[in-house]
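Student: Fold the following.
(one chain, ligands or ions: 1)
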Amino acid sequence: MPHALITGANRGLGLGHTRALLERGWTVHAAVRDPGGADALKDLAEGGHDGELKLHAYDARESDAADRLAREIAEPLDILFANAGVMGPDAQGFGEVEYEGFLDTMRVNVMGPLALAQAFADQVARSTLKVIALQSSRMGSIEDNDSGGRYAYRASKAALNMVGKSLSLDLKDKGVIVLVLHPGWVRTDMGGPKGLLTVEESVEGELDLIARANPAMSGRFFHVNGEDLPW
Ligand SMILES: NC(=O)c1ccc[n+]([C@@H]2O[C@H](COP(=O)([O-])OP(=O)(O)OC[C@H]3O[C@@H](n4cnc5c(N)ncnc54)[C@H](OP(=O)(O)O)[C@@H]3O)[C@@H](O)[C@H]2O)c1
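Tutor: As a prediction, the model looks like this:
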């Protein structure tokens, strides 16, 4: 059965992906900040599906987090899903942005996924699907930005998009397909209750995209509905 590594797997979209892949019989390496407190994952580990769940400690803020994970996971990875992310500080309007909160957002949303890709590229390349999925956001689209503000979050997702494009070129010869995804506006802690999609709807859309991943899709920015988004 295929294997996936999903970060931020204890709630929101990461939990939704973990659940969906376990139901499909996958082995899922769920990487979370606090494995001891990951109650929803512990429930999933108890069964009710054909898959296998393996829990790992992972904090994207720590510079050796990806390398430590890579020492724990030896098998080929069909999907590396860099999903964990933060909105960043509450105050991100013009005139409010400060260094530490901005840099922290970049650390989690940009360097975290890049470090994972560097640590796991060869394991992804040895798998069947060979997909690296980056959980980006339409808020990182420069062309789509018509309301300003949210400097840290927007800049971090724009930078993540650039990371995805470079990864697609650097990993092309290994056969790795890099998908940059916008999950839609989803009802999670981050998306809030007014989001347009349930976690299940977003996860289904993203997994459909991943299932039909091919080299022509690598390095492109996709809305969960399958449409290309402008950078
Ligand atoms: N929801 C939306 O509408 C929406 C739209 C566009 C993009 N996205 C993106 O989708 C991804 C998931 O978002 P979500 O809506 O599921 O958000 P969420 O419910 O707030 O979940 C965020 C996840 O990221 C984890 N995380 C945060 N900081 C971390 C760190 N330093 N190290 C490891 N894990 C960390 C959280 O773990 P803890 O529980 O330990 O905090 C949690 O599992 C994010 O990258 C987000 O930017 C979401």
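
Student: Report the central residue of this protein.
Tutor: Centroid check for the chain by CA atoms, centre = their mean gives N83 as the closest residue, at 2.0 Å.

Student: Quick one: residues contacting that one.
Tutor: I6, T7, G8, A9, L13, G14, H17, A133, Q135 (CB atoms under 8 Å, 6 or more residues apart in numbering). Using the backbone N, CA and C atoms, a C-beta is placed for each residue, glycine as well.

Student: Quick check: phi and psi on G37?
Tutor: Main-chain torsions, G37, degrees, to the nearest 10: phi -100, psi 10.

Student: likewise A82?
Tutor: According to degrees, to the nearest 10, A82 has phi -80, psi 90.

Student: what number of residues lie near it?
Tutor: By other CB atoms under 10 Å, the residues close to A82 number 29.

Student: Distance check, it against A4.
Tutor: Taking CB to CB, to the nearest Å as the measure, A82 falls 12 Å from A4.

Student: Mind giving me the packing neighbours of the one helix or strand in the chain whose mean pLDDT sits lowest?
Tutor: Ranking every helix and strand in the chain by mean pLDDT, DSSP states H and E puts helix 39-45 at the bottom, with a mean of 93. On a contact count with 3 or more CB pairs under 8 Å, 6 or more residues apart in numbering; DSSP states H and E, helix 39-45 meets helix 12-23, strand 52-57.

Student: Contacts for it, please.
Tutor: A9, N10, R11, L15, T18, R19, L22, A30, V32, P35, L53, L55.

Student: In contact with the fourth one, which residues?
Tutor: Right, the one you point to is L15. With contacts defined as CB under 8 Å, 6+ apart, L15 is in contact with A9, A40, L41, V199.

Student: what's the answer for the last one, then?
Tutor: For L55, the set of contacting residues under the criterion of CB under 8 Å, 6+ apart consists of A30, V32, P35, A38, L41, A45.

Student: Out of the helices and strands packed on helix 39-45, which gets nearest to V176?
Tutor: Smallest distance to V176 across those (CB to CB): 18.9 Å, for helix 12-23.

Student: Tell me, what's the model's pLDDT at G48?
Tutor: pLDDT for G48: 89.

Student: how near is it to the ligand?
Tutor: Plainly put, G48 is 21 Å away from the ligand if you go by CB to the nearest ligand atom, to the nearest Å.

Student: Turn the contacts of L15 into JSON lines, columns for distance to R187 and neighbour count.
Tutor: JSON lines is the format used below for the contacts of L15 (distance: CB to CB, whole Å; neighbours: other CB atoms under 10 Å):
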{"residue": "A9", "distance to R187": "18", "neighbour count": "32"}
{"residue": "A40", "distance to R187": "16", "neighbour count": "15"}
{"residue": "L41", "distance to R187": "20", "neighbour count": "23"}
{"residue": "V199", "distance to R187": "7", "neighbour count": "22"}
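
Student: picking up where we left off before, and the helices and strands packed on helix 39-45: which comes nearest N145?
Tutor: Nearest to N145 among the helices and strands packed on helix 39-45 is helix 12-23 (22.2 Å), distances taken as CB to CB.
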